[in-house]
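Asker: Quick one: sequence plus predicted model below, questions after.
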Number of protein chains: 2
Amino acid sequence: MREHVLTVLQGIVAPGCILPGEALPVITPANADEISKIMQLANQEAIKVLTPSSKCGLSDPLPAEDTLMLSLEKMNTITEMDTANLVATVEPGVTVTQLNQALKQFGLFYPLDPGRGENATFGEIVAQNANGLRGLKYGATKHYIMGLDVVLADGRILKTGGKNVKDVAGYDMTKLMTGSDNTLGIISSITVKLMPAPEQQKLLIASFGSTADAGKAISAVFSAKVVPSAAEILNSDAVKALSAAGYTNLPAAAAVLMLELDGIPLAVEKAGSKVADILRSYNVQQVLLVETAQDASDYWASRQAISSVFTANAAASLDVTIPRSHLSEALEMIEATAGRHDTAIAVFGHAGDGNLFPAIMQNDKVDLSKLAQVQEELIQALRDLGASVNGTAHQLEMQYGPLGMAAMQQVKKTFDPNCTLNPGKLVGVC
Amino acid sequence: MREHVLTVLQGIVAPGCILPGEALPVITPANADEISKIMQLANQEAIKVLTPSSKCGLSDPLPAEDTLMLSLEKMNTITEMDTANLVATVEPGVTVTQLNQALKQFGLFYPLDPGRGENATFGEIVAQNANGLRGLKYGATKHYIMGLDVVLADGRILKTGGKNVKDVAGYDMTKLMTGSDNTLGIISSITVKLMPAPEQQKLLIASFGSTADAGKAISAVFSAKVVPSAAEILNSDAVKALSAAGYTNLPAAAAVLMLELDGIPLAVEKAGSKVADILRSYNVQQVLLVETAQDASDYWASRQAISSVFTANAAASLDVTIPRSHLSEALEMIEATAGRHDTAIAVFGHAGDGNLFPAIMQNDKVDLSKLAQVQEELIQALRDLGASVNGTAHQLEMQYGPLGMAAMQQVKKTFDPNCTLNPGKLVGVC
């Protein structure tokens, strides 16, 4: 079968990188039509199609023989920037950085920074509904996705939504596809809403002697009705892990808050001094007002490096959401758990929506046989505080119950009856 | 069958208003369990269940014998206000006004005003994904709906989403249900995101000698990167229709803009003078800065009265969305069409998202036999300007194509295989 498939594939698209062994090559289609033809082939030949988040040769496991890997990295054109209607259309391989650079001259921006560094593509962000750094003020990725082209499992191309803000009649297929991780179809074009870029952005770096103080301080900021455009928190183990990886600009402290304020200069100034007052009343050790855009960019680069530092150095990591009012308790509990097991648990997260990423770091002290136990304790304690643990099938079941799971699995079967697309992902059927 | 059903019904819930003739009574359940039992009964007895937007005895057509009408007006409890996490949970009969009054003491609000007056309930807003007046700055209803309880067609109760901002793993059933007009299930509980109430809200009323100037002025406001919290436009026929109905506070002019600015007082003041400068450069006749909250409330009451004035006096009305850049042309075209046919076409709309509501008014001059022609001309000319005409099956087909319609109909069949819920609505199957 392999040779036959390879021959047909060559008629559709030049193969991308060849993986070792008997696996089929990684395919890098140039447009929706090529994806469509690949999906038709996949259906005929009973081949599974995976859309790995990483590129050729990176961390994904080697695919099985009957599996095609599809990488959308070649589809990286900004199709349209309609500055009058504050809308842009991009292919899935376009990065947020790329779009924002193109928009700069118009005074516009796509406000959500997925927090994954410069290479995060719209395809990945939409497939995973990744929200990132600026969700507190600007909302979720989903709020900015106005329309999609989706190549369905059988190769037909579904258009959802559109440029008009109120294109919302009928069932919202755009929102159903956003976050579906390409299990219902492969997203081949994305229309996003844009915003006027703020006149000013100011970054404050605040360091604290205890995580509890940092947690309480950020809660007090929210209670004071200040809405920062970003509110990131890091504990000391996270700062240490960054420092060890060469990102040394963040202050060594029990906890660090990165607060970004944006808007017109007057409002930013007023909010800034209000925030500084609040931080002082929670024993802040140091408040650094970052002066230049370059310095701010360097601080954000450190923050964004955490994901890759965790990937390289963490023995296990979690993605949890905690009710904002329990943030301080969660940080203290994590610290206590780390102390009890004499290990490092680095935490970073979006304080604004209570989305924390704790990671049990690999070091000399970690007893790998105890890892599962530490993780289980963490998860249980977080759940006791009302957290949801994202991205696990167990969490999905807990959250939605058997009826919710059955409803989602039924939707999967409706769109992908032959289980061709990313089988097993997300809702755990076929 | 009728007697048997009535007997069973009485064991579930006391019947509401009895309609004339052989129709089944209007049922007003008190909670999700009662809805669930009604849905089970409906499935056993092959009864259709409708959820009319109006209450007992109002404008809906008399239901057929095998049809139950369900009114959710009794389910009007605010279940929870979690002010620390900026979340509230309400039953579907709770009105936006009711929630906002309860939130006032906490300095919080639900920002979207559906523009339907004080009686709009969350159940209606969510079922229809009604966005209303403040969408320009605050986004769509959908962005605020964090979780739902939905009684499915077979009586099982599905819980979607939740209080945690990132409860977004799995397919987004919350968004699928929002705007589904109770065709996939009956929404019995709604969890919404809240926002800090702005320190200040200021309303500006601007009158113009031509609709084109008004359209250009509002475009210029947006281009200047001012984001009003509301930007409503009315043409002279709309102002006249309001005046005839006793709402006389709006100025008689070719076009009136109602612009609301909110935020901290400094920012509102700065934006206000910027806006006034822009309006002046587009030949504004008068800019009225509304001084008191009571006056502002009276102006909004006039604006909100339009829907009922149209219901009472319009021969035909449309709900269209036009790319914002074509707003001015659309208003001029409507004026020209009205002139050509010597009739009145009142228009109001949300200038911010290009959502316009033109209505051909009934008056002595209207030749009812020509109504269809005027309407057809309007629709065609609007479509030529890139408009979508909302709420028609034809528009859905045009917008989504046969594949999009088939996908939506498949979703309907998945959730409501026996076609029990609001048959024929929205996607036009069963």
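Answerer: Received it, and whenever you're ready, just let me know what you need.

Asker: where are the low-confidence patches of chain A?
Answerer: Applying pLDDT under 70 to chain A picks out residues A:1, A:14-23, A:53-65, A:114-118, A:164-168, A:363-366, A:368, A:391-395.

Asker: what's the longest helix in it?
Answerer: Across chain A, the longest stretch assigned as helix under DSSP state H is helix A:393-415.

Asker: List the contacts of residue A:180.
Answerer: By Cβ atoms under 8 Å, 6 or more residues apart in numbering or on different chains, the contact set of residue A:180 is A:127, A:426, B:171. Where you see a C-beta, it was placed from the backbone N, CA and C, and this is true even at glycine.

Asker: got a list of what residue A:212 touches?
Answerer: Residue A:212 touches A:328, A:331-332, counting by Cβ under 8 Å, 6+ apart.

Asker: From residue B:222, how far out is the residue nearest to residue A:264 when sequence neighbours are not counted?
Answerer: Sequence neighbours aside, residue A:199 is the residue nearest to residue A:264 in space, at 5.2 Å (criterion: Cβ to Cβ, 6 or more residues apart in numbering or on different chains). Using Cβ to Cβ, to the nearest Å, residue A:199 is found at 16 Å from residue B:222.

Asker: Which one's more surrounded, those two?
Answerer: Comparing residue A:199 with residue B:222 by other Cβ atoms under 10 Å in any protein chain shown, the one with more neighbours is residue B:222, at 22 against 14.

Asker: Double-check that the more buried one belongs to a helix.
Answerer: Yes. Counting by DSSP: H, G, I helix; E, B strand; the rest coil, residue B:222 is part of a helix.

Asker: residue boundaries of the helices in the stretch 51-200 of chain A?
Answerer: Per DSSP state H, counting those that start in this stretch, the stretch 51-200 of chain A carries helices over the ranges A:96-103, A:122-128, A:135-138, A:141-144, A:173-177.

Asker: Quick one: name the residues of the stretch 301-430 of chain A near chain B.
Answerer: Within the stretch 301-430 of chain A, the positions near chain B by Cβ under 8 Å from any Cβ of the partner chain are A:321-325, A:353-355, A:386-388, A:390-391, A:395-396, A:399-401, A:403-404, A:407-408, A:410-412, A:414-415, A:426-427.

Asker: and what of the stretch 51-200 of chain A?
Answerer: Listed as neighbours of chain B in the stretch 51-200 of chain A under the rule Cβ under 8 Å from any Cβ: A:82, A:84-86, A:107, A:129, A:131, A:135, A:139-140, A:142-143, A:152, A:156-160, A:162-173, A:175-176, A:178-180, A:184, A:196.

Asker: mind running it again at 6 Å?
Answerer: Neighbours of chain B within the stretch 51-200 of chain A, by Cβ under 6 Å from any Cβ of the partner chain: A:84-85, A:129, A:139, A:143, A:156, A:158, A:164-166, A:168-172, A:175-176, A:179-180, A:196.

Asker: still on that earlier bit, identify each buried residue in the longest helix of chain A, please.
Answerer: Residues of helix A:393-415 classed as buried by neighbour count (16 or more other Cβ atoms under 10 Å in any protein chain shown): A:395-396, A:399-400, A:404-405, A:407-409, A:411-412, A:415.

Asker: quick one: that helix to helix B:393-415, angle?
Answerer: 120 degrees (axes from the mean of the first three to the mean of the last three Cα atoms, to 10 degrees).

Asker: which helices and strands sit right next to helix A:393-415?
Answerer: Helices and strands touching helix A:393-415, by 3 or more Cβ pairs under 6 Å, 6 or more residues apart in numbering or on different chains; DSSP states H and E, are helix B:393-415.

Asker: any idea how far residue B:388 is from residue A:100?
Answerer: Applying Cβ to Cβ, the value for residue A:100 to residue B:388 is 28 Å.

Asker: typo on my end, it should be residue A:264
Answerer: Separation of residue A:264 from residue B:388 (Cβ to Cβ): 34 Å.

Asker: With neighbour numbers in mind, choose between those two.
Answerer: Remark: of residue A:264 and residue B:388, residue B:388 carries more neighbours, 25 against 18, as counted by other Cβ under 10 Å.

Asker: Return the backbone torsion pair for that one.
Answerer: Residue B:388 has phi and psi values of phi -110, psi 140 when expressed as degrees, to the nearest 10.

Asker: before we move on, the earlier item: so which of the contacts of residue A:180 wins on neighbours?
Answerer: Highest count within the contacts of residue A:180 by other Cβ under 10 Å belongs to residue B:171, 29 neighbours.

Asker: Just want the phi and psi numbers for it.
Answerer: Main-chain torsions, residue B:171, degrees, to the nearest 10: phi -70, psi 150.

Asker: Now tabulate the contacts of residue A:180 in a markdown table and tack on distance to residue B:26.
Answerer: Shown next, in a markdown table, are those (distance: Cβ to Cβ, whole Å):
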| residue | distance to residue B:26 |
| --- | --- |
| A:127 | 45 |
| A:426 | 41 |
| B:171 | 34 |
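
Asker: was I right about residue A:265 contacting residue A:200?
Answerer: Yes. Here residue A:265 reaches residue A:200: they are 4.9 Å apart, a contact under Cβ atoms under 6 Å.
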